[in-house]
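J.: Need a 3D model of the following:
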Amino acid sequence: MQVRLPERCRPAKSPATHPRPRAKLQKAGRLRVAQLDTIQAEEAPEAAAVEHSIASSNGALSNGHGAVHAVTRPRSATATVQRPSTLQRGSRPYIPQVDIPQLLETLLGDPEKTLKDNTVLGSALVADGGPARLFSPLVPKSPGAPAAEDLPLMFYMPGIDGTGLAAYRQFPRLTRAFDLRCLIIPRTDRSTFEQLVEDVAALVKQELDQADAGRPVYLLGESFGAIMSMALAIKLGNYIDRLVLVNPASSFSNSIWPQAGPLLAQLPEDVYKLLPFALAPVMSNPISMAMNDVDDRAPLLQQGSDLMYGLIDLAPQLAALRLVLPPETLAWRLELLKQGSQWIRPRLKDVKQRVLVLSGEQDLLIPSKEEAEKLGKALPRARTKVLANRSHALLQEAGVDVVNILQSEGFYISERRMSNRRPSTSASDGGGASYGLARPIQLPTAKELELESSGFVSTINRLTSPVFYSTRADGRVVKGLSGVPVQQRPVLLIGNHQLFAGDMYPMIQEFIQELGVLPRGLAHPIVFAGPDALTAAGRQGGMVQSRSSTQQKKEDDRAGAAQFSSLLSTYGAVPVNGKNMHQLLAQGEIVLLYPGGAREAFKRKNEAYKLIWPG
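T.: Numbers count the residues shown, from 1 in each chain. From the prediction side, this is the model:
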């Protein structure tokens, strides 16, 4: 594995008291490689050796064969890091013989001396000057694997550690599916939250402007990085296609850390050295992390031995937190958390992209499970997945594979499939934030269509049992939609509403499933006027009960109205007017118009099967 750091910055002046200088952006070329350490790792089966590299400090902590062997080398040299072979594991003592002086050096000594020469992230961890910048972890790939330039782009936004330390075990898997960039926030950085968002947005935009056009772009944000990701999605709009938020720290104000956090930064120096080890059971599940070094196919005795070695080898990783989060940095990062959570809370509705929220069921650091539920309702296009028995540091735990999760949830796309069937030709025309606007948007994946149709739409299907017929050019009526001429664009479809417009949702679903096209419906403006206006209209039309009796019921009504509006815009709806219809047709879209509008949907007595069109 190689870690590349671009030359983008100079050390900041007086970083402890002044905001850092803006990054000087390069105008040409991809990420340039700074003259820093390069580490090459041999990829082990199913995971590269990066998964084990941080376990190697200056030699193993045990007198047997350590969990990882590293070759000490001078800076800017190359080292090879290998997973221990079966022979190595078999030849070391079953019970670790701990080197006490070495262990104490790891716990209490200089973490920079311990880490900088022997870890894959060493260069990133000790780089403490200048503004935030991006680096690319490069993992050797098997023959025939797609080139990075042919994969979707992903930008990883770290937690308050500001490095890739909390996610490095995912890098080998992520780089098989993504062209990966990771953000580093040097420990001397003192930018405000809004300054940091501005500068990182500039870095990301520069990367995207230089990258091959048309590739999907993901933001993967963990903890504080999840707040950053949402802010960047708002800032960058259609440059960003999808967000993956892991244990979002937008719940910071609902935790004990606004009060308890500042006290930690004031601990005596010798006590602060032990803080990462004291908080380890709160931040993570050490057993699950140590299980990364355990082969579940080995005999139980061997598994137990490997687990003990794995627990010992967590010490250097925990010690790294002292390096990247000295007391003054911790104090400022807690302030960033406060600023970020306050900034994003009233702007959640402005995150237009599709979002997948992953939360650890056993997160003891912040209330991630509850926050995921709130975000699932507040973000217009969010789905949530709670990972059982997982902690705040779930990306480091054995058995967690982000790529597999994205694929199983139908959240991984390798190309932009646009509603107008035209290719995406620039980084900013992906349509990731164009829902509800007269612009091309992306088609949902088959899994997304299945999941998002499982509630409201499936209920309508059960109540109405829709059957679809169409007429071909020769006049023959056939079952299904094959007779609809969707290949020659643009297309204008004219329809009439059934009661409560129950015909529209199953028909859109059928168009996507059978023909692979997404008609762009022209919807009543009240749909886009906000949840309060939509709820009031629903009460007037009899679709929502009269005024709610409790505050909770009012909030539920508002949430339901917001989700209804999001569902329509996610599946192509825009406000009905002549300008929007003309723009959609000019872009080669299939436009669906109901001349009868809302009046036709709310049919009265004796109006069954009647067209109620104006004029």
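J.: which residues of the stretch 101-250 of the chain score low on pLDDT?
T.: For the stretch 101-250 of the chain, the stretches with pLDDT under 70 are 107, 109-128.
J.: just the helices in it please.
T.: For the stretch 101-250 of the chain, the helices defined by DSSP state H, counting those that start in this stretch occupy 111-115, 122-126, 171-177, 193-210, 224-236.
J.: Buried residues, the fourth one. List them.
T.: For helix 193-210, the buried set under the neighbour-count rule, 16 or more other CB atoms under 10 Å, comprises 193, 195-197, 199-201, 203-208. C-betas here are computed from N, CA, C, even on glycine.
J.: centroid residue for this protein?
T.: Geometric centre of the chain, nearest residue: Val244, 1.5 Å, by CA atoms, centre = their mean.
J.: Is the residue nearest to that residue when sequence neighbours are not counted bridged to anything, and to what?
T.: Of all residues not flanking Val244 in the chain, Leu220 sits nearest, at 4.7 Å (CB to CB, 6 or more residues apart in numbering). Counting by DSSP bridges, Leu220 is bridged to Tyr156, Val244.
J.: From Met291, how far out is Leu220?
T.: The gap separating Leu220 from Met291 is 23 Å, by CB to CB, to the nearest Å.
J.: shaky segments in this protein?
T.: For the chain, the stretches flagged by pLDDT under 70 are 1-91, 107, 109-128, 530-561.
J.: got a list of what the residue nearest to the centre of the chain touches?
T.: Each residue near Val244 by CB atoms under 8 Å, 6 or more residues apart in numbering is listed here: 218-221, 229, 355-356, 358, 402, 406, 411.
J.: want to try a markdown table for the helices of the stretch 101-250 of the chain, with distance to Tyr505 as columns?
T.: Listed next are the helices of the stretch 101-250 of the chain as a markdown table, based on distance: least, CB to CB, whole Å:
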| stretch | distance to Tyr505 |
| --- | --- |
| helix 111-115 | 55 |
| helix 122-126 | 48 |
| helix 171-177 | 32 |
| helix 193-210 | 35 |
| helix 224-236 | 27 |
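J.: Neighbours of the residue nearest to Thr425 when sequence neighbours are not counted, how many?
T.: Leaving aside its chain neighbours, Thr425 sits nearest to Ala213 (5.4 Å; criterion: CB to CB, 6+ apart). For Ala213, the neighbour count with other CB atoms under 10 Å is 15.
J.: so what's Gln498 up against?
T.: Gln498 makes contact with 464, 601, according to CB under 8 Å, 6+ apart.
J.: Looking at Leu220 and Met291 now, which is surrounded by more residues?
T.: More neighbours surround Leu220 than the other of Leu220 and Met291, with 28 against 18 (other CB under 10 Å).
J.: Let me know whether the residue nearest to Val244 touches Leu153 as I believe.
T.: No. Taking contacts as CB atoms under 8 Å, Leu220 lies outside contact range of Leu153: 10.8 Å.
J.: So for stretch 336-347, what gets flagged as buried?
T.: For stretch 336-347, a neighbour-count test (16+ other CB under 10 Å) marks 336-341, 343-344 as buried.
J.: nearest to Ile494, of the residues you listed?
T.: Using CB to CB, Ile344 is the member of these that sits closest to Ile494, with 42.3 Å.
J.: So the closest one: helix, strand or coil?
T.: When classified by DSSP: H, G, I helix; E, B strand; the rest coil, Ile344 comes out as helix.
J.: so who does it touch?
T.: Listed by CB under 8 Å, 6+ apart, the contact partners of Ile344 are 227, 230-231, 250.
J.: Rebuild those as a markdown table, extending it with distance to Leu364 and neighbour count.
T.: Listed next are those as a markdown table, based on distance: CB to CB, whole Å; neighbours: other CB atoms under 10 Å:
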| residue | distance to Leu364 | neighbour count |
| --- | --- | --- |
| Ile227 | 20 | 28 |
| Met230 | 23 | 29 |
| Ala231 | 26 | 26 |
| Ser250 | 17 | 26 |
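J.: Tell me the secondary structure at the closest residue to Ala382 other than its chain neighbours.
T.: Counting by CB to CB, 6+ apart, Val355 is the residue found nearest to Ala382 once chain neighbours are left out, at 4.1 Å. The three-state label given to Val355 by three-state DSSP is strand.
J.: so Val355 bridges to which residues?
T.: Val355 has these beta-bridge partners by DSSP bridges: Leu243, Ala382.
J.: OK, contacts around it?
T.: By CB under 8 Å, 6+ apart, the residues touching Val355 are 242-245, 375, 379, 381-383.
J.: Quick check: the gap between it and Arg383.
T.: In this view, Val355 and Arg383 are 7 Å apart by CB to CB.
J.: farthest-separated two in the contacts of Ile344?
T.: The most distant members of those, if one measures by CB to CB, are Ala231 and Ser250, lying 10.4 Å apart.
J.: And the contacts of the helix or strand where Glu600 lies?
T.: Assessed by DSSP states H and E, Glu600 sits inside helix 597-601. Outside of helix 597-601, the residues within contact range by CB under 8 Å, 6+ apart are 496-501, 524, 526, 541, 576, 594, 611-613.
J.: Show me how to select, in PyMOL, the buried members of these.
T.: Command for PyMOL, covering only those of the contacts of helix 597-601 found buried under the criterion 16+ other CB under 10 Å:
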select buried, resi 497+498+501+524+526+576+594+612
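J.: Among the contacts of helix 597-601, which one lies nearest to Val478?
T.: Checking those against Val478 with CB to CB, the nearest one is Asn496 at 21.0 Å.
J.: In contact with Arg176, which residues?
T.: Residues counted as contacts of Arg176 (CB under 8 Å, 6+ apart) are 139, 141, 145, 403.
J.: Most neighbours among the residues you listed, which one?
T.: Top of the contacts of Arg176 by neighbour count (other CB under 10 Å): Val139, with 22 neighbours.
J.: Distance of that one relative to Val294?
T.: Applying CB to CB, the value for Val139 to Val294 is 22 Å.
J.: Excluding chain neighbours, what is closest to Arg333?
T.: Using CB to CB, 6+ apart, the closest residue to Arg333 is Ile160 (3.9 Å).
J.: tell me the contacts of the one you found?
T.: 223-224, 249, 325, 330, 333-334, 336-337.
J.: residue boundaries of the strands in the stretch 201-350 of the chain?
T.: For the stretch 201-350 of the chain, strands defined by DSSP state E, counting those that start in this stretch occupy the ranges 217-222, 242-246.
J.: Residues touching the longest one, excluding its own?
T.: Read it as strand 217-222. Counting by CB under 8 Å, 6+ apart, 152-159, 166-167, 174, 178, 208, 227-230, 232-233, 239-248, 395, 402, 427, 430, 432 sit against strand 217-222.
J.: Try it again at 7 Å.
T.: With CB atoms under 7 Å, 6 or more residues apart in numbering as the test, strand 217-222 has contacts from 152-159, 166-167, 178, 208, 228-229, 232-233, 239-247, 395, 430.
J.: for stretch 259-272, same thing?
T.: Residues outside stretch 259-272 that contact it (CB under 7 Å, 6+ apart): 275, 327, 330-331, 334.
J.: which of these lies closest to Arg390?
T.: Closest approach between the contacts of stretch 259-272 and Arg390, by CB to CB: Leu275, at 22.8 Å.
J.: Show me which residues of stretch 262-278 are buried.
T.: 264-265, 272-273, 275-277.
J.: now it, how far from the chain's geometric center?
T.: Averaging C-alpha positions (CA atoms, centre = their mean, to the nearest Å) puts stretch 262-278 31 Å from its chain's average.
J.: And that stretch, end to end?
T.: End-to-end distance for stretch 262-278: 16 Å, by CA to CA, to the nearest Å.
J.: What of stretch 211-218?
T.: Across stretch 211-218, the terminal residues are separated by 14 Å (CA to CA).
J.: What are the buried residues along stretch 407-427?
T.: 409-413, 416-421, 424, 427.
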